[in-house]
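A.B. asks: Quick one, what's the 3D model for this:
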Amino acid sequence: MKLPRFRVLVMAAITAAGCAPEPAAAPTYYGDVQRIIAANCARCHGADPAEAKIARFRLDRYVERDARFNLFDYRDQVLHQAVERSTPPMPPDYALTERQRTILSRWIAAGGPAGREARPNHVAQAALLAPALPASGPLTVDQSLVLTLRSWDEDPDGLLVDLYARSLDGPMPGESFLLAEGLGGGVRTVTLDTGTLPSLRSFELVALVDDGFEEDVARAAVSVTLVPTLLADHGAKGTVPSVLVTIPAVDVAQLSPVTVAWRATDPDVGDEAALLIDLERIKVAADGTALEAPVVIRSGLPNTLAAPLAPDAPTSTGSFAWDASALPTMDASGPIRYRLRVTAHDPQGNVRSDESDGMVSIVPPPTTVSTVGWDDVKPVFVTFCRPCHGQPARTPALEPFRLDKYDAADPEAPSNGDKGVFEMRSQVYDRLVVARSMPPTREAQPSAAQIKLVGDWIASGAPRTGMTMVGDGGVPPDGGVVPDGGGSNLPPTVSWTTPSNTATAPASGGAVTLVWTARDPELQPLTGQISFATVSAMSVAQVRCQMVASFPGIVTADAAAIAAGTFMWTLPAPTPNTYFCVRAQVTDAGGLTTSAVAAKPVVP
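C.D. replies: Below you'll find the predicted structure:
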C-alpha cells in the first residue's frame, strides 16, 4: 500500500529525530558550540549589532584575552538567558532545541574549553577594492580617504579588522597610526581620517585581520598591505589636531562639578600649546542616542589641566570642572544623561572633535541627615554584588575590581590589589541607583531602602567611616568631615611618566630609562618593585598593557630607586614582535599597597 505523502514526511521526521546523534559528553567551542552561536546569536550579536546598546560585545568570537568583550566573557549570560531562559530570554523570538541547550550547558559547566584541535584553521584574508591605486608612485591624501575593502575567512570565525598607517619615514619609521578599528568581515566602506597623519610623510596602509582562533594576537592576526605607499600632504594648513575625551570614559553618575578631561595633540610645531578647546553637552537616551542638539558649556578653553587629576587617571592635556548644579537630574523618562563633546581648534583653522565614550548623569545631593560609613553599606554589597563581583569574579571581564571590599588597599580576604567599591562608586551609583540595571533581574534584588542607603552614602563621598550629611548637600556647616572612627592611613599613589598611558618608551642600545612618580600622603617611606611582562603583538599599536594579568619579571625592588622614581633598565634579549609592559607597585609603612600599569609599552 502506498502511504500518503504527508505520512511519509511525518515518519521521516520522527525517524530523523530518533537518529539524531547524542550531544557530545565533553563539548568544545570549535567542535560543537560555534555552529550553535553562529546560527542563533551572531545575527544580532556579531560585527553588526542589532542595537547600539549591545555593540560593546560580540558572541561570534571566543578569545580569552581579547581587547573587546566576546563570548568568553558572556558564557554565564548565555547559560542564564539561552539555556535556562531567564529574563530576558535569548534568542528573544524562539527557544533553542533541547539538544542545543544540553551542549551549551555541558560546555559551560566544563569551563568552556576551546577545543582548537577539533578543526584546522584557515588564514584570514583581505583585499582592497577601492580606490584604484596609481600606476606608479604613492597614493596622495589630505584630510580623508574613502576606502572599500573585503576581508574573509573560510572558517565561520568572527573577524576583527583594524586599519593602520605604518610610517615609512620620519623620526620613527615603523610607528603605527590607528585609523579604524573593530570592523567586521565582508565588504566594508569606511572614511579614514587621514588629516591626523603628519604632513609630507609616507605610510604603508595595512589591515590587521584577526580571526580569534589563537590567543596570541601575533599568531592570530594577519597583516595585509592595502596601499603600499600613502603620502599625506596637507598643504599650508598642516596636520589637524587629534582629540580624545579621556574622562568620562565609562557611564558614571557624579555630583556637580563634573570633571571633563581630554587629550588634544598636534604634531605641527607650536600648535599643541596654542590649541583652543570648545566643550559641549548632548542630552542622550539610555542607549546613547542623541535627544537634543549640542549645548555649549564653554568655548575657547586652553589646552591645560584646570587641576591635577587622580594618579590613575588617563593621561590628559586639559580638563574643566563643569558646574552642572543648575541642571535637572530627572525627566519623565527617568535620569537625564549627557555625553560630552570636546572640539579642538588649531591656529590654521583645522578642527577635530570627539565625544565621550561614557555618559554622565548628575547625582542629586542627599537631603536627609545620616551617618553612613562602609560598615553600614557593606552588607548590601556582600549580599547582592559579591556573587558576581567577588574574588574570584564570575567572569574574567569583571576581574579588575571587586564589590566586596572598600578600596584597593582593603585587606578583605582573599587580599589583592583589585579596585574596590570606592574606586567604582560612580559606576555603582549609575547601575544600582540610577539605571536599576544591577543586580541583573535574574538575581536577588536589594530593597528600595537599601538602594537609597547606598545612594546617599555615595552621594556623600562614599566615606570609609560615617560622615554627617546635612540637607544642603552633605557637608558639615564648617565645611569639614565629621568621622565616627578617627583618622586613617591613606594609600600611596604611583603613576607612570616613561612609558605612560599615551607614549611608549623606545629603548636605545638595549636599555631604557623608566620614570614614575610615587608619593605617600603621610610622607611615610615607600618600598615596592617595578615588574614587567613580555607581550607579543604584530605592532606596538596592538599592545594593550592594561589587559595584562601577570607581571612575572622583576626590573628592580631597590627602595632607593622606588623613591627616586627612575631606573635604567637593561632589557632582556628581545624576539621579533615582542614588547615589554611595566607595572609599578609601592607599599607604605602601614602596609597599604598601590599599583599602576603604564598603558603603553617599552619598545625594544
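
A.B. asks: wait, doesn't Val209 sit right on Leu159?
C.D. replies: Yes - the criterion here is Cβ atoms under 8 Å, and Val209 meets it with Leu159 at 6.0 Å. In short, each C-beta sits where N, CA and C put it, glycine included.

A.B. asks: can you list residues touching both of those two?
C.D. replies: Residues touching both Val209 and Leu159 by Cβ atoms under 8 Å, 6 or more residues apart in numbering: 124, 151.

A.B. asks: Low-confidence stretches in the stretch 151-300 of the chain?
C.D. replies: Along the stretch 151-300 of the chain, segments meeting pLDDT under 70 span 217-218.

A.B. asks: can you rerun that using 80?
C.D. replies: 215-220, 254-255, 286-287 (pLDDT under 80).

A.B. asks: and if you look at the stretch 351-500 of the chain?
C.D. replies: Looking at the stretch 351-500 of the chain by pLDDT under 80, you get 364-372, 394-400, 426, 430, 434-437, 440-443, 459-461, 465-491.

A.B. asks: now the helices for it?
C.D. replies: Counting by DSSP state H, counting those that start in this stretch, the stretch 351-500 of the chain has helices at residues 374-384, 386-389, 425-428, 448-459.

A.B. asks: now the chain
C.D. replies: Secondary structure of the chain (DSSP state H): helices at 5-19, 34-40, 42-45, 75-78, 98-109, 217-220, 271-274, 374-384, 386-389, 425-428, 448-459, 559-564.

A.B. asks: Relative to Gly349, which of those is closest?
C.D. replies: Across those, Gly349 has its closest neighbour in helix 271-274 (11.2 Å, Cβ to Cβ).

A.B. asks: Can you lay out the helices of the chain as JSON lines showing distance to Leu526?
C.D. replies: Shown next, in JSON lines, are the helices of the chain (distance: least, Cβ to Cβ, whole Å):
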{"stretch": "helix 5-19", "distance to Leu526": "69"}
{"stretch": "helix 34-40", "distance to Leu526": "48"}
{"stretch": "helix 42-45", "distance to Leu526": "46"}
{"stretch": "helix 75-78", "distance to Leu526": "39"}
{"stretch": "helix 98-109", "distance to Leu526": "44"}
{"stretch": "helix 217-220", "distance to Leu526": "35"}
{"stretch": "helix 271-274", "distance to Leu526": "33"}
{"stretch": "helix 374-384", "distance to Leu526": "25"}
{"stretch": "helix 386-389", "distance to Leu526": "30"}
{"stretch": "helix 425-428", "distance to Leu526": "26"}
{"stretch": "helix 448-459", "distance to Leu526": "30"}
{"stretch": "helix 559-564", "distance to Leu526": "6"}
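
A.B. asks: out of these, deepest packed?
C.D. replies: Compared across the helices of the chain, helix 425-428 shows the largest average neighbour count, a mean of 22 (mean count of other Cβ atoms under 10 Å).

A.B. asks: Now do the strands in the stretch 201-350 of the chain.
C.D. replies: Assigned by DSSP state E, counting those that start in this stretch, the stretch 201-350 of the chain shows strands spanning 201-210, 221-232, 242-247, 252-254, 258-265, 276-284, 295-302, 318-322, 330-331, 334-335, 337-345.

A.B. asks: And those strands: which comes nearest Val372?
C.D. replies: Judged by Cβ to Cβ, the one of the strands of the stretch 201-350 of the chain that comes nearest to Val372 is strand 252-254, at 17.2 Å.

A.B. asks: And the contacts of that closest one?
C.D. replies: Residues outside strand 252-254 that contact it (Cβ under 8 Å, 6+ apart) are 335, 358-363, 426-427, 429-430, 433-434.

A.B. asks: The nearest residue to Phe580 once chain neighbours are set aside - how many residues pack around it?
C.D. replies: The shortest distance from Phe580 to any non-neighbouring residue, by Cβ to Cβ, 6 or more residues apart in numbering, is to Val602 (4.2 Å). A total of 25 residues lie near Val602 under the criterion other Cβ atoms under 10 Å.

A.B. asks: Now do the same contact list for Val428.
C.D. replies: Val428 makes contacts with 403, 421, 454, 458, as judged by Cβ under 8 Å, 6+ apart.

A.B. asks: measure it to Ile247 for me?
C.D. replies: Separation of Val428 from Ile247 (Cβ to Cβ, to the nearest Å) stands at 17 Å.

A.B. asks: now swap in Leu197 and tell me
C.D. replies: 26 Å.

A.B. asks: Ile530 now?
C.D. replies: Using Cβ to Cβ, one gets 27 Å for the distance from Ile530 to Ile247.

A.B. asks: now Leu255
C.D. replies: Using Cβ to Cβ, we find Leu255 at a distance of 15 Å from Ile247.

A.B. asks: which stretches of the stretch 351-500 of the chain form strands?
C.D. replies: For the stretch 351-500 of the chain, the strands defined by DSSP E, counting those that start in this stretch occupy 351-355, 360-362, 370-372, 467-469, 493-498.

A.B. asks: Make JSON lines from these and add distance to Ala50 to it.
C.D. replies: What follows is these, written out as JSON lines (distance: least, Cβ to Cβ, whole Å):
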{"stretch": "strand 351-355", "distance to Ala50": "22"}
{"stretch": "strand 360-362", "distance to Ala50": "25"}
{"stretch": "strand 370-372", "distance to Ala50": "41"}
{"stretch": "strand 467-469", "distance to Ala50": "43"}
{"stretch": "strand 493-498", "distance to Ala50": "40"}
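
A.B. asks: Among the ones you listed, show me which one is buried the most.
C.D. replies: When the strands of the stretch 351-500 of the chain are scored by mean count of other Cβ under 10 Å, the highest mean neighbour count falls to strand 360-362 (a mean of 24).

A.B. asks: That one pairs with which strands, and in what direction?
C.D. replies: Counting by DSSP bridges, the strands paired with strand 360-362 are strand 252-254 (parallel), strand 337-345 (antiparallel).

A.B. asks: Of the ones you listed, which is nearest Thr395?
C.D. replies: Of these, nearest to Thr395 by Cβ to Cβ is strand 252-254, at 21.7 Å.

A.B. asks: chain center to that closest one: distance?
C.D. replies: Put simply, strand 252-254 sits 17 Å off its chain's centre (Cα atoms, centre = their mean, to the nearest Å).

A.B. asks: buried sites along it?
C.D. replies: By neighbour count on 16 or more other Cβ atoms under 10 Å, the buried set for strand 252-254 is 252-254.

A.B. asks: With stretch 586-596 instead?
C.D. replies: Buried, per 16+ other Cβ under 10 Å, within stretch 586-596: 586-588, 592-596.

A.B. asks: Tell me the confidence at the residue nearest to Phe580?
C.D. replies: pLDDT recorded at Val602 is 93.

A.B. asks: Which strand residues bridge it?
C.D. replies: Ala505, Phe580.

A.B. asks: ok, it - contacts?
C.D. replies: If you count contacts by Cβ under 8 Å, 6+ apart, Val602 has them with 499, 504-507, 512, 514, 532, 569, 571, 579-582.

A.B. asks: List buried residues within these.
C.D. replies: In the contacts of Val602, burial by neighbour count holds for 499, 504-505, 507, 512, 514, 532, 569, 571, 579-582, counting by 16+ other Cβ under 10 Å.
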